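Participant: mind looking at a prediction? Sequence and model below.
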Amino acid sequence: MNWSDNITTLGLLGAFVILVLTIFVMGVYLKKIKDGKAEGEDSGESWDGIGEQTNNLPVGWAACFLGVLIWGFWYIFLGYPLNAYSQIGEYNQEVQNYNEKYASTWANLDQNGLKDMGQSIFLVQCSQCHGITAEGMDGKAQDLTKWAKEAGIIDVIKNGSKGLDYIAGEMAPIEMSDSDAKAIAAYVMQDISSVKHTNYPLEVDKGKQLFAEHCAACHGDEGKGNGGGLDGFAPDLSKYGATSFLAEVLQKGKKGVIGIMPSFEYANFAPSQKEALNEYIRSLDSAE
């Protein structure tokens, strides 16, 4: 039993006090039933031979009544909620202390350590929908092996994206050749995304022109999602591949093929866990 939990301690203490008082009161009244005699003046009232006497109010009753009044005034003006212990506050403090301890323990993991941690998180939290291999289980969920790669951008261009809740709404598929989609993906990966690398450097210049024609209206000239000068109009592609982009998906959830991916706020992932999950997903090999 966790005696450091104030609620548990107070609850057990209250139960013990109630038990002692119950035994004491029962003992007093059982003794009175056995040995007590009628006292006081007869009030003159009688029902079926049972008379009524004018007895004084028991001292214990009066003490309990006054005690409840005093406690009530304390509770309202000095105790909860004006100057009180808060169970929610204690919980939040415990979570904060735990997260700080967790963060300090896993603060300096190398890349391999992050991948191992990320794989463990993925298998527990994500594999049920995305599959053990993260390929989306034949289209039932997003193929995460394409995350932070050209293949992921090409897939969105060709098939559209339900995405998160942005002002622009869902992105419809764009009709263009595979080579043009590849060029846009190369430009986004090289010049806009946080990855700053592409496997197709010779396609970047062509992709820049195509991006301005097909994508800038929603994503903005610099790809930051501020089409029409409105922040949050569309996804910020400068965060593509970054932990912050993944964190946004985990926080808000995401529309998908078979339904809506729920928010993972309940999981209370530490920053290092989000970084590890992103590192693991980025390390996956795409089938394309």
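Facilitator: In hand now; what should we look at?
Participant: list the contacts for the residue lying closest to residue 246 once chain neighbours are set aside?
Facilitator: Excluding the flanking residues, the one nearest residue 246 by C-beta to C-beta, 6 or more residues apart in numbering is residue 278, at 4.7 Å. Every residue, glycine included, has its C-beta placed from N, CA and C. Applying C-beta atoms under 8 Å, 6 or more residues apart in numbering to residue 278 gives the contacts 118, 242, 243, 246.
Participant: tell me which element the residue lying farthest from the centre of the chain is part of?
Facilitator: Centroid-distance maximum for the chain: residue 44 at 70.1 Å, with C-alpha atoms, centre = their mean. Residue 44 belongs to strand 41-47 when assigned by DSSP states H and E.
Participant: scan this structure for its longest helix.
Facilitator: Longest helix in the chain, counting residues (DSSP state H): helix 6-35.
Participant: which elements pack onto that helix?
Facilitator: Under the contact criterion of 3 or more C-beta pairs under 8 Å, 6 or more residues apart in numbering; DSSP states H and E, helix 6-35 touches helix 87-105.
Participant: which residues touch the very next helix or strand once past the helix it packs on?
Facilitator: Where DSSP H and E defines the elements, the next helix or strand beyond helix 87-105 is helix 111-125. For helix 111-125, contacts defined as C-beta under 8 Å, 6+ apart pick out 106, 109, 130, 132, 134, 264, 267, 269, 272-273, 275-281, 283.
Participant: give the next helix or strand downstream of helix 111-125.
Facilitator: helix 127-130.
Participant: thinking again about what came up before, paired strands for the helix or strand following the strand holding residue 44, with orientation please.
Facilitator: Downstream of strand 41-47, the next assigned helix or strand under DSSP H and E is strand 50-54. Paired strands of strand 50-54, with direction, are strand 41-47 (antiparallel) (DSSP bridges).
Participant: which of the contacts of helix 111-125 fall within helices?
Facilitator: 130, 272, 273, 275, 276, 277, 278, 279, 280, 281, 283.
Participant: let me know the closest of these to residue 210.
Facilitator: Nearest to residue 210 among the ones in helices among the contacts of helix 111-125: residue 281, at 26.9 Å, using C-beta to C-beta.
Participant: was I right to think residue 133 contacts residue 141?
Facilitator: No: here residue 133 does not reach residue 141: they are 11.8 Å apart, not a contact under C-beta atoms under 8 Å.
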